[in-house]
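Colleague: I would like the atomic coordinates for the input below:
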Amino acid sequence: MPMPLVECVPNFSEARRPEVIEAILTAIQGIPGVSVLDKHSDLDHNRTVITFVGSPGAVEEAAFQAIAQAASLIDLNQHRGEHPRIGATDVVPFVPLSDTTMLECVELARRLGRRVGSELDIPVYLYEEAATRPDRQNLENIRRGEYEVLKGEIATDPERAPDYGPARVGPAGATVIGARQPLIAYNVYLTTDDVSIAQNIARVVRLSSGGLRYVKALGLLVHGRAQVSMNLTNYRQTSVARVVEMIRREAARYGVAIHHSELVGLIPQEALVDAAQWYLQLDSFNADQILEQRLFGVLSRRPAVEESAAEAGLLDQLASASPTPGGGSASAHSGAVGAALVAMVGRLTVGKKKYAAVEGRMWEIIERADLIREELNRAVDEDAASYEAVMAARRLPKETPEQEEARSRAVDQAMLGAAEVPLQVAQQAVEVMELAVEVAETGNLNAMADAASGAAMARAALQGAALNVQVNVQGVKQLREAGEPAMAEVRRLEEQADALDERLQKILAERGGFDLS
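Modeller: Below is the predicted model:
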């Protein structure tokens with residue numbers, strides 16, 4: 001089974017201090033499961049682009065650590081360079097690779113943005129596929145006026161309010177985070193130092209001025225030469241060869257030529273193959289004629305090694321003769337399943353034009369459901385551990401009256417503690433029910449049964465957790481009154497769940513034609 005892989009290509013506003021770039025690289029490489037593929041620093045741009053890959057969770061953590069490190073070492077008030085920027089970590093795109101979807105990268109961007117805004121106090125804007133507004137899909141719109149203008153407008157212009165974090169910028173500026181398809185950062189140098197020629201050519205080739213689709217371009221003076229600096233955002237639709245030839249023809253109008261070109265970061269192999277096919281005029285060429293491509297195909301078809309038997313899972317543990325994990329852990333697991341179904345319905349809703357009006361709310365539900373699912377998963381083990389404490393208290397000596405009294409108090413305290421986890425599970429189960437009812441009402445109609453199933457799993461979690469609260473509280477001999485607030489909370493939650501059940505039945509009947517009477 002392929003390993004999920006995500007690429008991250010953060011751009012940092014620093015290239016002239018190697019020790020700063022080394023510190024950022026160290027922060028990235030310190031996360032297990034992350035591999036740095038490339039680093040490109042440009043002294044004139046005063047900008048460094050780092051490319052790294054890994055599992056989604058590892059890449060997300062590495063990106064956060066890199067942003068934190070850059071914020072501590074880069075002061076934009078002192079930064080000067082040719083390239084536009086608004087942040088120490090200027091832009092952080094996630095790119096789906098193997099066994100990963102664009103939607104998952106959008107979620108990475110949103111989670112990282114929220115964390116950067118709350119923990120680092122840095123304003124965050126979402127762009128490209130993760131954008132919350134159409135005008136923020138293009139990076140240029142967000143970066144308008146750069147750091148200096150944003151510093152004055154972010155607090156006063158509602159259009160420049162960030163998606164996450166404070167409406168103010170410090171020395172680290174703001175950070176733009178998003179998800180996109182593979183991008184080729186490609187620069188063409190001309191045989192002149194007249195930057196106006198590069199600017200004119202950039203105006204001709206870029207889409208925003210009426211040029212080639214999927215091309216963004218600027219004219220700059222770099223290393224003493226006029227440079228056409230470009231981002232090619234869809235090389236399959238607008239090939240590298242087509243862009244180069246347009247620049248070559250436009251440069252000839254001014255009596256200059258292409259001196260050389262360069263890549264910033266990495267390029268997909270397919271883009272180079274397309275260029276080779278175009279220039280060599282291999283009209284009937286097939287990518288399978290590439291030696292390495294054919295070799296990779298043969299190796300990837302080797303017989304899979306049969307996987308060894310997995311360790312016993314939760315169901316096997318529940319079925320064993322051990323008292324832990326028990327009903328409380330099973331209830332937490334049931335609630336986690338309900339939360340997972342809620343998140344699934346949310347993901348089946350976002351990105352659909354029919355449900356555009358509720359997309360913002362669906363993202364909030366997805367993120368909340370995922371968080372509850374993680375907490376309920378932890379509660380599976382926490383519940384088992386809390387009952388282990390009860391059993392440990394019961395094993396205390398009781399030979400003397402003093403020991404008996406101490407043991408009784410210890411058991412009571414442990415029983416009260418054992419009631420805390422299922423009570424929290426009960427509270428979270430009702431919240432899952434609330435979210436399930438909401439996605440049943442406003443989410444993807446085709447997934448209504450899944451939403452209702454999520455609510456049913458959450459209701460089962462509530463019932464199981466309530467039983468465990470009651471059993472543990474009733475086992476408290478000397479502190480019975482201390483357990484009454486927990487039982488009162490359980491009764492309140494059950495009443496709330498009854499109301500949610502009734503509302504769900506109406507939604508299912510009205511919106512989906514279900515008759516569950």
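Colleague: use CA for all of it now, contacts and neighbours both
Modeller: Will do.
Colleague: per-domain residue ranges of this protein.
Modeller: As recorded under automatic domain parsing, the domains making up the chain are 6-179, 184-282, 323-512.
Colleague: Pull the contacting residues for H40.
Modeller: Residues near H40 by C-alpha atoms under 8 Å, 6 or more residues apart in numbering: T48, V49, I50, V264, G265.
Colleague: Which residue lies nearest the spatial centre of this protein?
Modeller: The centroid of the chain falls nearest to L108 when counting by C-alpha atoms, centre = their mean (0.8 Å).
Colleague: Identify the residue spatially nearest to that residue, adjacent ones excluded.
Modeller: Leaving aside its sequence neighbours, L108 sits nearest to E60 (C-alpha to C-alpha, 6 or more residues apart in numbering; 6.5 Å).
Colleague: Does that neighbour touch V106 like I think?
Modeller: No: between E60 and V106 there is no contact under C-alpha atoms under 8 Å: 11.5 Å.
Colleague: These two - which one has more neighbours?
Modeller: V106 (25 against 22; other C-alpha atoms under 10 Å).
Colleague: Strands along the stretch 301-450 of the chain, start to end?
Modeller: Assigned by DSSP state E, counting those that start in this stretch, the stretch 301-450 of the chain shows no strands.
Colleague: Ignore what I typed, I meant the chain.
Modeller: 6-8, 11-12, 34-42, 47-54, 89-96, 124-128, 175-179, 184-190, 215-222, 225-232, 258-264 (DSSP state E).
Colleague: Contacts for the helix or strand of the chain with the lowest mean pLDDT, please.
Modeller: Least confident element among the helices and strands of the chain, by mean pLDDT, DSSP states H and E: helix 291-300 (a mean of 73). The contact list for helix 291-300, computed with C-alpha under 8 Å, 6+ apart, reads A287, D288.
Colleague: May I have the phi/psi pair for A167?
Modeller: phi -90, psi 50 (degrees, to the nearest 10).
Colleague: That one against E153, yeah?
Modeller: No: with contacts counted by C-alpha under 8 Å, A167 stays clear of E153, the gap being 9.2 Å.
Colleague: Which one of those two is surrounded by more residues?
Modeller: A167 (21 against 18).
Colleague: Nearest residue to the more buried one in space, please, no chain neighbours.
Modeller: Excluding the flanking residues, the one nearest A167 by C-alpha to C-alpha, 6+ apart is A155, at 5.1 Å.
Colleague: do the same with F52
Modeller: Closest residue in space to F52, ignoring its immediate chain neighbours: V36 at 4.1 Å, by C-alpha to C-alpha, 6+ apart.
Colleague: on that earlier part again, using JSON lines, lay out the contacts of H40 together with neighbour count.
Modeller: Formatted as JSON lines, the contacts of H40 follow (neighbours: other C-alpha atoms under 10 Å):
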{"residue": "T48", "neighbour count": "21"}
{"residue": "V49", "neighbour count": "23"}
{"residue": "I50", "neighbour count": "23"}
{"residue": "V264", "neighbour count": "21"}
{"residue": "G265", "neighbour count": "19"}
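Colleague: Please read off the pLDDT at the residue nearest to L108 from the model.
Modeller: With respect to pLDDT, E60 scores 97.
Colleague: Now do it against L120, distance only.
Modeller: Distance, E60 to L120, by C-alpha to C-alpha, to the nearest Å: 15 Å.
Colleague: Can you flag the weakest of the domains of the chain by average pLDDT?
Modeller: domain 323-512 (a mean of 86).
Colleague: hang on, the earlier thing: tell me who's in contact with the residue nearest to A167.
Modeller: So A155 contacts A161, A167, R168 (C-alpha under 8 Å, 6+ apart).
Colleague: Try it again at 10 Å.
Modeller: Listed by C-alpha atoms under 10 Å, 6 or more residues apart in numbering, the contact partners of A155 are A161, P162, P166, A167, R168, V169.
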